[in-house]
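Peer 1: here's my sequence, what's the structure:
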Amino acid sequence: EEQVAESGGGLVQAGGSLRLSCAASGFTFDDYAIGWFRQAPGKEREGVSCISKSDGNTFYLDSVKGRFTVSVDDATNTVHLQMNNLKPEDAGVYHCGAYKRPGCLIAYFWGQGTQVTVSS
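Peer 2: You can find the predicted model right below:
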């Protein structure tokens, strides 16, 4: 069965860092692009980042550029999202999902999410 599972969320002060992980099982990153999106109460879902290993392309939401970095760890079949200089507006439930290549426009499946809380 193809699935992803997120981990690494938590509570952090503004300016702090977290590293989220998206563990994939049942497929490899040659099959899909992997995207991160977040959902906060009262806000629309936002696509935060996307990585396509097959062509090396990455995408970042404008508001996270320069602070977030997405990477693939083939050894553990995991995609990481390093989040630095976190801001209160970055808070939300972060999900990773497997998307049709190229880009992250059509999602096939995603995980339950991991909560990120940023205190001011």
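
Peer 1: surely Leu81 meets Phe68?
Peer 2: Yes. Between Leu81 and Phe68 there is a contact under CB atoms under 8 Å: 6.2 Å. Quick note: C-beta positions are derived from backbone N, CA and C, even for glycine.

Peer 1: which residues do the two both contact?
Peer 2: Common neighbours of Leu81 and Phe68, counting by CB atoms under 8 Å, 6 or more residues apart in numbering, are 48-49.

Peer 1: which of those two has more neighbours?
Peer 2: Legend: neighbour count by other CB atoms under 10 Å for Leu81 and Phe68, higher for Leu81 (25 against 20).

Peer 1: contacts only, for the closest residue to the more buried one other than its chain neighbours.
Peer 2: Distances taken as CB to CB, 6 or more residues apart in numbering place Leu20 nearest to Leu81, at 4.3 Å, with adjacent residues excluded. Going by CB under 8 Å, 6+ apart, Leu20 touches 6-9, 36, 80-81, 83, 94, 96, 114, 116.

Peer 1: is Tyr94 in a helix, a strand, or coil?
Peer 2: Following DSSP: H, G, I helix; E, B strand; the rest coil, we place Tyr94 in the strand state.

Peer 1: bridging residues for it?
Peer 2: For Tyr94, the beta-bridge assignment (DSSP bridges) gives partners Arg38, Thr114.
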